Every structure is written in structure tokens, then in C-alpha cells.
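Asker: got a predicted structure here, sequence first:
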Amino acid sequence: MGARTLAPVRILVVDDDPGDVLMIEEALATSDVEKVIDVVADGQEAMEFLRREGRHGDAQRPDVILLDLNMPRMDGRQVLGEVKGDEDLRTIPIVVLTTSNADTDIISSYTLQANAYVTKPIDLDDFNDVVHRIDEFFGRVVVLPKRG
């Protein structure tokens, strides 16, 4: 019996690379954790989604955010700062899922209160495994805050 039995876990994927988004979606689709996936292409759109602005007026609050760091307009570090600085949004867990394994990116992400930092594997099987583990952890193991 998992921590989540009532509703599917809602995952917001914030990534500007369509290939990575497709791989994330495919990896999530092959797990048996019930979920709803929303995708936005950059940090600015992520903030509009989270604040239900513009075309995202009917957006549902995610239970967890998978966040890429390096994106145009507004990068993942800026999103982390905005979300964790927002009284209403700061309780949403954020997993940084990025190609960077630079110590400065890791330290800055945790300083900005990322809940986890995961480097995207190059190998497809390893990539799928990592996404499955994140999905399993947040979909079955972790107790998430109730959506307000």
C-alpha cells in the first residue's frame, strides 16, 4: 500500500529539450504509478503554470516538479528561487533533473532548496531507470503535501 491511494500523482516536467521530454514521458508511461503529466518548455512558462496565469488559468497544482537547469528565458535556478520563495508554492517538491554534474550547479540547487538533484544519464536504459526511481519514490514512498 503506497502513500498515495486517492488521486494520481501530478508531475510537472519543466524542460526545453523535446527529446528529453519525450524520454521522460515514455519512462513515466511505462511505470505502474498512476499519474498525470504536464509539460512546460521553460522556466517562465513554469511560473505561469504554477501561478495559473495566461493560457494556464486552469492548471492543476503539481505534486512534484521535474526541473531542468539550463533553459532559455528563465532557467531552473531562477525557477527554484521563485518557487521556494513563494509562500503558496514552496511545499511542492522539486527534483532537478539535468545533464550538468558540475559541483557549482549541485550546490546552488540545494542552496535554493531543491529536494533532490539527479544527473540525466546518457544511456537510455539508465535514463529510464532513473526516471522510474524518481516516479516510484514520489508516487509510492514519499508522503506528499495535500493539494491546497
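Answerer: Looks like it came in fine. Numbers count the residues shown, from 1 in each chain.
Asker: identify all contacting residues around the host helix or strand of residue 49.
Answerer: Secondary structure assignment for residue 49, by DSSP states H and E: helix 43-50. The set of residues external to helix 43-50 that reach it, using C-beta atoms under 8 Å, 6 or more residues apart in numbering, is 12, 14, 38, 40, 53-56, 59, 61-62, 65, 67, 71, 73-76, 78-79, 82-83, 86, 89, 92. Bear in mind the C-beta positions are built from the backbone N, C-alpha and C, glycine included.
Asker: 7 Å instead, please
Answerer: Helix 43-50 is contacted from outside by 12, 14, 38, 40, 54, 56, 59, 71, 73-76, 78-79, 82-83, 89, using C-beta atoms under 7 Å, 6 or more residues apart in numbering.
Asker: return the subset of those lying in strands.
Answerer: Those of the contacts of helix 43-50 mapping onto strands are 12, 14, 38, 40, per DSSP state E.
Asker: all helices for the protein, in order.
Answerer: For the chain, helices defined by DSSP state H occupy the ranges 18-29, 43-50, 76-84, 103-111, 124-136.
Asker: make CSV out of these and add mean neighbour count.
Answerer: As requested, these are exported to CSV (neighbours: other C-beta atoms under 10 Å):
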stretch, mean neighbour count
helix 18-29, 16
helix 43-50, 22
helix 76-84, 21
helix 103-111, 14
helix 124-136, 16
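Asker: point out where this structure drops to low pLDDT.
Answerer: 1-6, 148 (pLDDT under 70).
Asker: the ones in strands among the contacts of helix 43-50 into TSV, with extra columns for distance to residue 104?
Answerer: Below are the ones in strands among the contacts of helix 43-50 laid out as TSV (distance: C-beta to C-beta, whole Å):
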residue	distance to residue 104
12	25
14	20
38	29
40	25
